[in-house]
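Visitor: Give me the fold of what follows.
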Amino acid sequence: VDTLRRRPHLMGCDLFVPDEAHLWTGETRLEVINTVRQAGAHIVPLTATPEAPDGRPMRLIADHMVCGPSVAWLIERGHLSKYIPYAAARPDLTKVGMRGGDYSVPGLTANLDRPALIGDAVSMYRKHAYGLRHIGYCFSRAHGKHMRDTFNAQGIPAGYIDGDTPDNERRETIWKFATRVIWVLFNVALVREGFD
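Guide: Residues are numbered from 1 along each chain as shown. Predicted coordinates:
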């Protein structure tokens, strides 16, 4: 998005297809959508989450919604992997406040960033995925680092990256994950769009 904003000549297109479109209703990305729209391009936003996290309406970027096939339909036909969900202890989130349509980080920290719950995550990984690559999504930098440190202390090679991780360190950590030097890659709001 920032590249497009700095190089508006790249937005001279006939068709613009933003993925994870529910993230495109914020001011910065909406600026790109409006620039492309004003240039006359057709916009086809794609998302599996047709509701913006901040509650802003999707009509800011789309005139119509077309629902695709269900996950069950795609799994039955072999287009998606059949999965079995596992979960560690179910935390009590009733006392966690909300901010911007999501749980507040301070509330999550008080309720989830605890040794017992992190230990449950280690136990679940050992039981169901030991030796397999796993991406862990954390709600804060402190939580991500606690997860990484706990997994490493338990003999499970893990790394951590976030938006402030220096580029060379981020590349090295991802390379270690890709080559199985580390098995678990924890992140905060980073490994969610376009990660291969």
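Visitor: quick one: the helices in the chain?
Guide: Secondary structure of the chain (DSSP state H): helices at 2-6, 27-38, 71-76, 105-112, 115-129, 141-153, 167-178.
Visitor: Looking at the first one now, give me its mean pLDDT.
Guide: Mean pLDDT, helix 2-6: 83.
Visitor: measure the residue lying closest to Leu112 once chain neighbours are set aside to Leu117 for me?
Guide: The shortest distance from Leu112 to any non-neighbouring residue, by C-beta to C-beta, 6 or more residues apart in numbering, is to Pro91 (5.5 Å). For the C-beta atoms, the positions are set from N, CA and C on the backbone; glycine is no exception. Distance from Pro91 to Leu117, counting by C-beta to C-beta, to the nearest Å: 6 Å.
Visitor: cool, and Leu80?
Guide: Using C-beta to C-beta, we find Leu80 at a distance of 29 Å from Leu117.
Visitor: Flag the shaky bits of this protein, pLDDT-wise.
Guide: Within the chain, the segments meeting pLDDT under 70 span 100-101, 193-196.
Visitor: that older thread, what about the residue nearest to Leu112, neighbour count?
Guide: 15 (other C-beta atoms under 10 Å).
Visitor: From Ala48, how far out is it?
Guide: With C-beta to C-beta as the criterion, Pro91 and Ala48 are 25 Å apart.
Visitor: Could you do Tyr137 as well?
Guide: 16 Å.
Visitor: Please apply the same query to Val36.
Guide: 22 Å.
Visitor: So between the two, which is more surrounded?
Guide: Per other C-beta under 10 Å, whichever of Val36 and Ala48 has more neighbours is Val36, with 22 against 10.
Visitor: How about that one: what's its closest non-neighbour residue?
Guide: Phe16 (4.5 Å).
Visitor: I'd like to know the beta-bridge partner residues of the one you found.
Guide: Assessed by DSSP bridges, Phe16 has beta-bridge partners Ile43.
Visitor: So what's the residue count around it?
Guide: Phe16: 19 neighbours (other C-beta under 10 Å).
Visitor: now His79
Guide: By other C-beta under 10 Å, neighbour count at His79 equals 10.
Visitor: How about the one 4 residues further on?
Guide: Tyr83 is flanked by 8 other residues according to other C-beta under 10 Å.
Visitor: Tell me the spacing between it and Leu74.
Guide: Taking C-beta to C-beta, one finds Tyr83 at 12 Å from Leu74.
Visitor: Please apply the same query to Arg5.
Guide: 34 Å.
Visitor: Same question for Ala21.
Guide: 19 Å.
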